[in-house]
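**Student:** Predicted model and sequence below, questions to follow.
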Amino acid sequence: MDPAFVTARKDGQWHVATRSLTGHCGGIDVTGERRWWGGRWTLTSTQAFPVPESLLLYVSSTGMDHGYWRDLLVGEPAFDRDHFIFCDIPALLPLILGPATRRALRDHESAGDVLTLYVRRGVTQVSGTCSEDDSRAIDRHLGVHRALAEDHRACLARWQAQMTAAHGRADPSWPPVATIMSRTGTLSVHTSWTSPTTRDGSDWHRSADSLRTHITGHDDRERRRWTLIEMERGIAGTHELGRRHVTIVGKPSISLPLLGDLVRAGDIVEIRCSAEVSVTMRGLATPRQMEAGLRIIELVVDTAGSASPYR
């Protein structure tokens, strides 16, 4: 007799042998192997990773595997406590391993039914064991695959909403980009991050904090050149501005008290002013950060006049 998780999914295509099975159901490919004892099956399901990003992601409540050594934090204390999490682009971890995926990985009746998530080379693999009379086993696999796609859509939807609030337009594409029409002209918005290149803990810490949102405007006008860059504490030659340690090259065209307020409000880590003006903010920028970044650009760039290329 076929196991309950097969008979419960009549929408699937299944080939069941004595101790193995293959199938396709709900967009996922499933393979299974029956253990010699206890009436339990080991199931593995695969599907294309919904995020067009080349990364490694491994999440398991049973411990480390595949030689992955660093246990990362996604920001949910209970989930972080119960799971080993590895990602080779730690800055993207909170965006990829979102709330829907975390809920799906916690959806099990007993400790023996937990699922492991493994993303590699653009393929999502979900694996775990279950009882042969567990009618929800395939549903739980489907839940994890679908939750990854749901978190990705939700991330892009938040980005679109934030850009719309800033009078911009963002497409539902990855990586997040946008265009904003401001009083100073058309501004481009894009994101960036870095990956660790060593096993050093400080390298991984910097990479985890490397997600940035950049606003850039360009009008080819001559203006006073100056740069502000956030620095680590304790580095010689830095100043405290907006409760941050920064180094400033050149003379800012914005008063320091106002600049400090904007740097703090926008969590701004870098400003570069020349014919091109760019503002870099920490993380995937919130509406408040975007407001501060746009205000800096407006203060630096004169409002488009009669001779402006924007008119």
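**Tutor:** Right, received. Where do you want to start?
**Student:** use CA for all of it now, contacts and neighbours both
**Tutor:** Will do.
**Student:** isn't residue 60 right up against residue 84?
**Tutor:** Yes. Counting by Cα atoms under 8 Å, residue 84 is a contact partner of residue 60 at 5.3 Å.
**Student:** Show me which positions of the lengthiest helix in the chain end up buried.
**Tutor:** With secondary structure taken from DSSP state H, the chain has its longest helix at helix 137-165. By 16 or more other Cα atoms under 10 Å, the buried positions in helix 137-165 come out as 137-138, 140-157, 159-160, 162-164.
**Student:** Next SSE downstream of it?
**Tutor:** strand 168-169 (DSSP states H and E).
**Student:** same question for that next one, mean pLDDT?
**Tutor:** Per-residue pLDDT over strand 168-169 has a mean of 94.
**Student:** same check, this time on stretch 145-163
**Tutor:** 96.
**Student:** cool, and stretch 289-302?
**Tutor:** On average, stretch 289-302 scores 91.
**Student:** buried stuff in that stretch?
**Tutor:** Those would be 289, 290, 291, 292, 293, 294, 296, 297, 298, 300, 301, for stretch 289-302 by 16+ other Cα under 10 Å.
**Student:** ok, now stretch 203-212?
**Tutor:** For stretch 203-212, by 16+ other Cα under 10 Å, it's 204, 207, 208, 210, 211, 212.
**Student:** and of those, the nearest to residue 256?
**Tutor:** The closest of these to residue 256 turns out to be residue 212 (Cα to Cα; 23.3 Å).
**Student:** now the helix or strand hosting residue 180 against helix 137-165, angle please.
**Tutor:** Assignment of secondary structure by DSSP H and E places residue 180 within strand 177-182. Orientation check (axes from the mean of the first three to the mean of the last three Cα atoms, to 10 degrees): strand 177-182 against helix 137-165 gives 20 degrees.
**Student:** now the nearest residue to residue 288 once chain neighbours are set aside: how far from residue 176?
**Tutor:** Nearest residue to residue 288, sequence neighbours excluded (Cα to Cα, 6 or more residues apart in numbering): residue 266, at 6.4 Å. For residue 266, the distance to residue 176 equals 18 Å [Cα to Cα, to the nearest Å].
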